[in-house]
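1. Give me the fold of what follows.
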Amino acid sequence: MSLLIGTQDGVFRSGESLDDAERVVDAGNTLRVRTLDEDAYAATTSGLYRSTDGGRTWENLDVPREEVYSVVTSPDGERLYAGTHPAHLYVSTDNGATWEECEGFQELPSREEWHTPRHRNEAHVRSLGTHADAPDRLVAGVEVGGVHVSDDRGETWTERREGVHHDVHHVLVLGGEEYVASTGGGLYRTRDAGTSWIRLDEAVDHGYFREAFAFEGTLYVAAARDPPPTWGGESGADAALFESRDGGDTLDAVSYPGEPASFVLAWTAWNGRVVAGTTEGRVLAREPDGWTTVGHVPSGVRSLAAV
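-> Below you'll find the model as predicted:
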């Protein structure tokens, strides 16, 4: 099994080990790589790319807006969604040949509030998620704009941003109604599809979260003490890595190579173990006795997927 590594400088693909990782998509900043219905996708600032041969060759699917930040398929595989910058949402029902905008997404009451100076006074659809237990439901996380849910495959939308920080980086969809939202102002969980949220990180002193991952009953998250503008100092990101075996109710800090300057931004399961990617291009693996470095790529890791 190979590993796809989305970086600030395109997508790298490994063989059975990371020693032979090579760049396979020269696409600039790659916000998300995912394996969906046996195909691989790379959401990048220069387009949405797909591979049907295990990540060896790629095609640009020509989403109407060039900067694609997120991608997901419906549980039945009939609909392909792409979230972009600025914050628009597109759907394809013909395997990416043509696209239509989900216009209802633009009609959400808070739409005019979705912007931040750090992102050209605009926002982007940073996260998209679906789950087989709610086959018509689509969950969108907007940076900066909150969490929003559609129960009719993207036609109409309901805001679920009350009680969660609006700077949403990732929404981990664990079930039809259970999600974990990683935000610039905390880690949050809902068990009622976003109708209510609880904050999980109040007992730790790191509040800037990028992504959570769950594997075999353990929740993995990492956080920096402050947002990216502070990461250039002597302590770098001043980051920490946490593991939880109770769904996030308690977060246990664990040591990892590169801490605290290097921040874990990406996770996946590869060859039966959890792997993580860091801001310095390091790839880590969770072994029975702790985290270890298993490889490097020449640019900061933004996303990971096994293929």
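
2. low-confidence ranges in this structure?
-> The model of the chain has no residue with pLDDT under 70.

3. And the longest strand along the chain, what's buried?
-> Counting residues, the longest strand in the chain under DSSP state E turns out to be strand 134-143. Judged by neighbour count (16 or more other Cβ atoms under 10 Å), strand 134-143 contains these buried residues: Ala134, Arg137, Leu138, Val139, Ala140, Gly141, Val142, Glu143. From N, CA and C alone the C-beta is placed, and that goes for glycine too.

4. tell me what it is packed against?
-> If you count contacts as 3 or more Cβ pairs under 8 Å, 6 or more residues apart in numbering; DSSP states H and E, strand 134-143 packs onto strand 124-131, strand 146-150, strand 168-173.

5. sorry, back to before: among the buried residues of strand 134-143, which two are most distant?
-> Ala134 and Glu143 (23.3 Å; Cβ to Cβ).

6. if we can go back for a sec, next, the angle strand 124-131 makes with the longest strand of the chain.
-> 160 degrees (axes from the mean of the first three to the mean of the last three Cα atoms, to 10 degrees).

7. So what are the sheet partners of strand 134-143 and their directions?
-> strand 124-131 (antiparallel), strand 146-150 (antiparallel) (DSSP bridges).

8. could I get the first one in CSV with only the CA atoms?
-> Below are the C-alpha coordinates for strand 124-131, written out as CSV (Å, rounded to 0.1, in the frame of the first residue of the first chain):
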residue,chain,number,x,y,z
HIS,A,124,-13.3,28.7,2.0
VAL,A,125,-15.0,25.4,2.4
ARG,A,126,-12.2,23.7,4.3
SER,A,127,-14.0,20.5,5.2
LEU,A,128,-16.7,18.2,3.7
GLY,A,129,-18.0,15.0,5.2
THR,A,130,-20.6,12.3,4.7
HIS,A,131,-21.5,9.1,6.5
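
9. In stretch 198-208, which residues are buried?
-> So for stretch 198-208, counting by 16+ other Cβ under 10 Å, buried means Arg199, Leu200, Asp201, Val204, His206, Gly207, Tyr208.

10. gap between it and the chain center?
-> Distance, stretch centre to chain centre, for stretch 198-208: 19 Å (Cα atoms, centre = their mean, to the nearest Å).

11. returning to what we had before: now distance to Pro86 too, for the buried residues of strand 134-143, in a markdown table please.
-> Output for those, formatted as a markdown table (distance: Cβ to Cβ, whole Å):
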| residue | distance to Pro86 |
| --- | --- |
| Ala134 | 27 |
| Arg137 | 24 |
| Leu138 | 19 |
| Val139 | 20 |
| Ala140 | 14 |
| Gly141 | 15 |
| Val142 | 10 |
| Glu143 | 11 |
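
12. of those, closest to Glu177?
-> Ala134 (7.2 Å).

13. what's the spacing between that closest one and Asp152?
-> Distance, Ala134 to Asp152, using Cβ to Cβ, to the nearest Å: 11 Å.

14. repeat for Thr230
-> Thr230 is 41 Å from Asp152, by Cβ to Cβ.

15. who has more neighbours, those two?
-> Neighbour tally, Thr230 and Asp152, criterion other Cβ atoms under 10 Å: the higher count belongs to Thr230, 14 against 11.

16. And that one, how far from His206?
-> The gap separating Thr230 from His206 is 12 Å, by Cβ to Cβ.

17. Can you pull the residues that touch both of those two?
-> Residues touching both Thr230 and His206 (Cβ atoms under 8 Å, 6 or more residues apart in numbering) are Ala224, Asp238.

18. dump the residue contacts of the residue positioned nearest the centre of the chain.
-> Central residue of the chain (Cα atoms, centre = their mean): His170, 4.9 Å from the mean position. Neighbour list for His170: Arg126, Ser127, Gly141, Ala181, Ser182, Phe209, Arg210, Glu211, Ala212 [criterion: Cβ under 8 Å, 6+ apart].

19. hey, where'd the strands end up in the stretch 151-300 of the chain?
-> Under the criterion DSSP state E, counting those that start in this stretch, strands of the stretch 151-300 of the chain are mapped to 158-159, 168-173, 179-183, 186-190, 198-199, 208-215, 218-224, 239-244, 252-254, 264-270, 273-278, 282-287, 290-296.
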